[in-house]
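Colleague: Generate a structure from the sequence data that follows.
(chains A, B, C and D)
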Protein chains: 2
Amino acid sequence: MATVSRVLNKHPSVSLKTRLKVESVIQRLQYEPNMLGRNLRISQSRMLLILVPSISNPFYSKIVQGIEDVARKHNYNILLCTTDTDIEREKIYFDLVKHKLADGVISMDPAVDWDDLIGEGRNYPVIQCCEYSENSQIPYVSIDNRMAAYKAVKHLITLGHRKIAMINSDPRFLYARLRKEGYLKALEEYGIPYREEWSIHTDLGFESGQRAMRAFLAQEDKPTAVFCVSDTLAIGALKGIKEEGLRVPQDIAVVGFDNIQFASMMNPTLTTVAQPMYEMGCEAARMLIHKLNHPDDPLRSVILDHELIIRESTMG
Amino acid sequence: MATVSRVLNKHPSVSLKTRLKVESVIQRLQYEPNMLGRNLRISQSRMLLILVPSISNPFYSKIVQGIEDVARKHNYNILLCTTDTDIEREKIYFDLVKHKLADGVISMDPAVDWDDLIGEGRNYPVIQCCEYSENSQIPYVSIDNRMAAYKAVKHLITLGHRKIAMINSDPRFLYARLRKEGYLKALEEYGIPYREEWSIHTDLGFESGQRAMRAFLAQEDKPTAVFCVSDTLAIGALKGIKEEGLRVPQDIAVVGFDNIQFASMMNPTLTTVAQPMYEMGCEAARMLIHKLNHPDDPLRSVILDHELIIRESTMG
DNA sequence: TTTTTGGATGTAATCCATTACATTCGTAAT
DNA sequence: ATTACGAATGTAATGGATTACATCCAAAAA
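Modeller: Take a look at the predicted model:
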């Protein structure tokens, strides 16, 4: 009955009397509205699709937290999907939006070119978070990766290091390229030549950091400092260094990136570039929800602040 | 048109000719099926609701991974919601099931009594994972928490420790009570008296572990070993010990619980009870999906194996 | 040739809540 | 007392896919 719907939606034009009556009947019958009907009618799922490469990296968890908090406040639920950086999977998940099971997407996966995936003309609600494509038409929220890396490496240089290695991730990701640029810029500024053998590309797992570190330490001429593009890598590197019986920071200094919670729990505690993860998540969610409410408003991308957090792994 | 539906669902009784025709038209019109209509009609959302206290604890992330992998295989998506151990929120999320936005629930939140929440008679598809209520009618997957704690504490005792503290979580959670029982049983078995002042209840954050440790170390008579009910607490404890300039394990030994990835990355590496997190997630998902397909099959709860992993934090 | 049979296709009801529009009713204005 | 108006309620269309059932047609059987 129409009136039931009006009661449920708190429509003003229902008399107190009928409202009470309806409510009591709802009680008695244990009636629960079926949202599938509602969703079909209003053509909304009130779901936000969140695409992360992996849920195990605390970096993403924190961002998701931000997204979730904002989403909840606006009465959206989140559909969390891990892509493993697999483009095929990403495409399949994007179908959830095409098929109306999700109203919009926040993607943190570096692997996909969304401008491509969406295609011309279409105006799907998509926000990129952390990672994005250069010259993208799709709005994103991120930090100034180049500058952040530059500051991190400069910090090492001012501590006297001249032999600085870098553990990077896959260069097909923009953030990896940008951070490398920052690294190079700092080296260049201080007249330090770039050495190919002190630069490794890998995935973000601990073990990869550990492995990369071992590789550096196996070299004739060892670096005295390492800049890692993620805290997970840096934590692996710490482990690799300890295995060899070397000390941090006396023998080798280590800088991470992200400032995940664990960074401050390590021994030694980890110097790192803090990204405002929670805030980035919130902002991405806000942008997406704004886009859902105002599909034609053009959205401006957002660059949030970062901060170099100096801890024991660079300054004993 | 009915035939379109038949083509989409690969119904056998469509002639090749019409199928091709329909497919080409679908191509041309860029037609995308609207799942909201489908969902309404077949009265399924193909979503699984996953309730976790917090997504930041890597323990839960790993379980969620298992759930997701199985869910994907069966064509379900997961709706991840964090409850912050807030019963009200949990109830609201459970409405998603009542309202047909999710087909079933896997709950990892210790705070809720599901038997209560669901009420008599109703047969909602709910699985509890890790945490459950005693004498619950609702199937769960977990480990033998009492035995696991017993083994961990016994390990400390056989190393010669007699002053063993425990950092526990809220005793209204069953796992907290069971692990305490295991702890007490081990003490008793070796004739070690229980000391109230060496038992702290707190939440699972690092800082709480750190704080608890500080409290122990501020006491006149300090423990020589600490058993923590989670790795996050243990990691905080390590930090608290280091702050005081004491060494692990020489001055104090530490045992954690869960075996999150970080446990092996710590310095010293953490002795801990390994829970088969990924496997638990998979099993929970399998059970739930089975229940969805066979609502009336009674499901048996599952107890999976645990393992004590001995590392540096107890044996230098 | 006529009837039967079964496969392919079309028609229309269905799932459930929302909402434009129609109707009713009570009250205020004339 | 009668009209007019607005508030409250009811009726019916709508959204999109599924599916029971009806219909159609061609090939096989009589």
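Colleague: Mind pulling up the pLDDT for residue A:268?
Modeller: With respect to pLDDT, residue A:268 scores 95.
Colleague: Would you enumerate the residues in contact with it?
Modeller: Contact analysis of residue A:268 by C-beta atoms under 8 Å, 6 or more residues apart in numbering or on different chains lists A:238, A:248, A:249, A:311, A:312, A:313, A:316. (Each C-beta comes from the backbone N, C-alpha and C, glycine too.)
Colleague: nearest to DNA strand D, of those?
Modeller: Using C-beta to the nearest atom of the strand, residue A:238 comes nearest to DNA strand D of these, at 52.6 Å.
Colleague: re earlier: give me the buried entries from the contacts of residue A:268.
Modeller: The neighbour count (16 or more other C-beta atoms under 10 Å in any protein chain shown) marks A:238, A:248, A:249, A:311, A:312, A:313 as buried among those.
Colleague: Provide a list of residues in contact with the second one.
Modeller: With C-beta under 8 Å, 6+ apart as the criterion, the residues that contact residue A:248 are A:238, A:241, A:242, A:254, A:268, A:312, A:313.
Colleague: which parts of the helix or strand hosting the third one are buried?
Modeller: Assigning secondary structure by DSSP states H and E places residue A:242 in helix A:231-243. By neighbour count with 16+ other C-beta under 10 Å, helix A:231-243 contains the buried residues A:231, A:232, A:233, A:234, A:235, A:236, A:237, A:238, A:239, A:240, A:241, A:242.
Colleague: what do you get for stretch A:69-79?
Modeller: Result for stretch A:69-79 [16+ other C-beta under 10 Å]: buried residues A:70, A:71, A:72, A:76, A:77, A:78, A:79.
Colleague: quick one: is that stretch near DNA strand C?
Modeller: No. Residues of stretch A:69-79 contacting DNA strand C under C-beta under 7 Å from any atom of the strand: none, with a closest distance of 12.5 Å.
Colleague: hey, C-alpha coordinates of that stretch in CSV?
Modeller: C-alpha atoms of stretch A:69-79 as CSV (Å, rounded to 0.1, in the frame of the first residue of the first chain):
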residue,chain,number,x,y,z
ASP,A,69,33.2,6.3,7.8
VAL,A,70,32.2,8.9,5.2
ALA,A,71,30.1,6.4,3.3
ARG,A,72,28.2,5.4,6.4
LYS,A,73,27.5,9.0,7.2
HIS,A,74,25.8,9.3,3.9
ASN,A,75,24.0,6.0,4.0
TYR,A,76,26.1,4.1,1.6
ASN,A,77,27.6,0.7,2.1
ILE,A,78,30.9,-0.3,0.7
LEU,A,79,31.7,-3.2,-1.5
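Colleague: Can you give the contact residues for that stretch?
Modeller: A:46-50, A:64, A:67-68, A:96, A:101-103, A:281-282, A:285-286, A:289, B:47, B:77-81, B:96, B:101.
Colleague: just stretch A:154-164 next, same as before
Modeller: A:153, A:183, A:186-187, A:189-190, A:192, A:198, A:221-227, A:253, A:255, A:271, A:308, A:310, A:314-315.
Colleague: ok, now with 10 Å
Modeller: A:152-153, A:182-183, A:185-187, A:189-195, A:198, A:216, A:221-227, A:249, A:252-255, A:271, A:273, A:308, A:310, A:314-315 (C-beta atoms under 10 Å, 6 or more residues apart in numbering or on different chains).
Colleague: buried stuff in stretch A:125-137?
Modeller: By neighbour count on 16+ other C-beta under 10 Å, the buried set for stretch A:125-137 is A:125, A:126, A:127, A:128, A:129, A:130, A:131, A:132, A:133, A:136.
Colleague: Quote the end-to-end distance of it.
Modeller: End-to-end distance of stretch A:125-137 (C-alpha to C-alpha, to the nearest Å): 12 Å.
Colleague: So residue A:80, which state does it fall into?
Modeller: Of the three states, residue A:80 takes strand under DSSP: H, G, I helix; E, B strand; the rest coil.
Colleague: buried ones in the helix or strand of chain A with the lowest mean pLDDT?
Modeller: Least confident helix or strand, chain A: helix A:114-118 with a mean of 82, by mean pLDDT, DSSP states H and E. Of the residues in helix A:114-118, A:114, A:115, A:117, A:118 count as buried by neighbour count, 16+ other C-beta under 10 Å.
Colleague: can that helix be found next to chain B?
Modeller: No. Residues of helix A:114-118 are not located near chain B by C-beta under 10 Å from any C-beta of the partner chain, the shortest gap being 12.8 Å.
Colleague: Could you export the next helix or strand after that helix as PDB, keeping only the C-alpha atoms?
Modeller: Toward the C-terminal end, the helix or strand that comes next after helix A:114-118 (DSSP H and E) is strand A:126-129. Taking C-alpha atoms only, strand A:126-129 is exported to PDB below (Å, rounded to 0.1, in the frame of the first residue of the first chain):
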ATOM      1  CA  VAL A 126      34.800   7.000 -10.600                       C
ATOM      2  CA  ILE A 127      37.400   8.400  -8.200                       C
ATOM      3  CA  GLN A 128      41.000   7.400  -8.100                       C
ATOM      4  CA  CYS A 129      42.700   7.300  -4.800                       C
END
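Colleague: helices or strands up against strand A:126-129?
Modeller: Packing partners of strand A:126-129 (3 or more C-beta pairs under 10 Å, 6 or more residues apart in numbering or on different chains; DSSP states H and E): strand A:47-52, helix A:58-73, strand A:104-107, helix A:114-118, strand A:140-143, helix A:277-293.
Colleague: How are the strands of the stretch 151-300 of chain A distributed by residue range?
Modeller: A:164-168, A:199-201, A:225-228, A:253-258, A:271-274 (DSSP state E, counting those that start in this stretch).
Colleague: on that earlier part again, and the contacts of residue A:268, which is closest to residue A:178?
Modeller: Checking the contacts of residue A:268 against residue A:178 by C-beta to C-beta gives residue A:313 as the nearest, at 22.7 Å.
Colleague: What is the three-state secondary structure of the closest one?
Modeller: Using three-state DSSP, the structure places residue A:313 in coil.
Colleague: you'd agree it is up against residue A:242?
Modeller: No. In this structure, residue A:313 is not within contact of residue A:242 by C-beta atoms under 10 Å, at 11.7 Å.
Colleague: where does the stretch 1-150 of chain A come near DNA strand C, residue by residue?
Modeller: So the stretch 1-150 of chain A meets DNA strand C at A:1-2, A:4-6, A:8-9, A:33-38, A:40-42 (C-beta under 7 Å from any atom of the strand).
Colleague: swap the cut-off to 10 Å and go again
Modeller: With C-beta under 10 Å from any atom of the strand as the criterion, the stretch 1-150 of chain A meets DNA strand C at residues A:1-9, A:11, A:13, A:31-44.
Colleague: Which ones among those also lie next to chain B?
Modeller: Filtering those for proximity to chain B (criterion: C-beta under 10 Å from any C-beta) leaves A:32-44.
Colleague: Need the max-distance pair from these.
Modeller: Farthest apart among those by C-beta to C-beta are A:32 and A:43. That separation is 21.4 Å.
Colleague: quick one: contacts for residue A:254?
Modeller: A:156, A:165, A:167, A:209, A:213, A:225-228, A:233-235, A:237-238, A:240-241, A:248, A:266, A:268, A:270-272, A:311-314.
Colleague: For the closest residue to it other than its chain neighbours, which residues are in contact?
Modeller: Leaving out its chain neighbours, the residue that sits closest to residue A:254 by C-beta to C-beta, 6 or more residues apart in numbering or on different chains is residue A:313, at 4.4 Å. Counting by C-beta under 10 Å, 6+ apart, residue A:313 touches A:225-226, A:234-235, A:237-238, A:241, A:248-249, A:252-256, A:263, A:266-272.
Colleague: For residue A:313, give its distance to residue A:61.
Modeller: 22 Å (C-beta to C-beta, to the nearest Å).
Colleague: can you list the residues of the stretch 51-200 of chain A near chain B?
Modeller: So the stretch 51-200 of chain A meets chain B at A:54-58, A:60-62, A:64-65, A:68-69, A:72, A:77-82, A:89, A:92-93, A:95-102, A:119, A:122 (C-beta under 10 Å from any C-beta).
Colleague: If we use 6 Å, what do you get?
Modeller: Counting by C-beta under 6 Å from any C-beta of the partner chain, the residues of the stretch 51-200 of chain A close to chain B are A:55, A:56, A:61, A:64, A:77, A:79, A:80, A:98, A:99, A:100, A:101.
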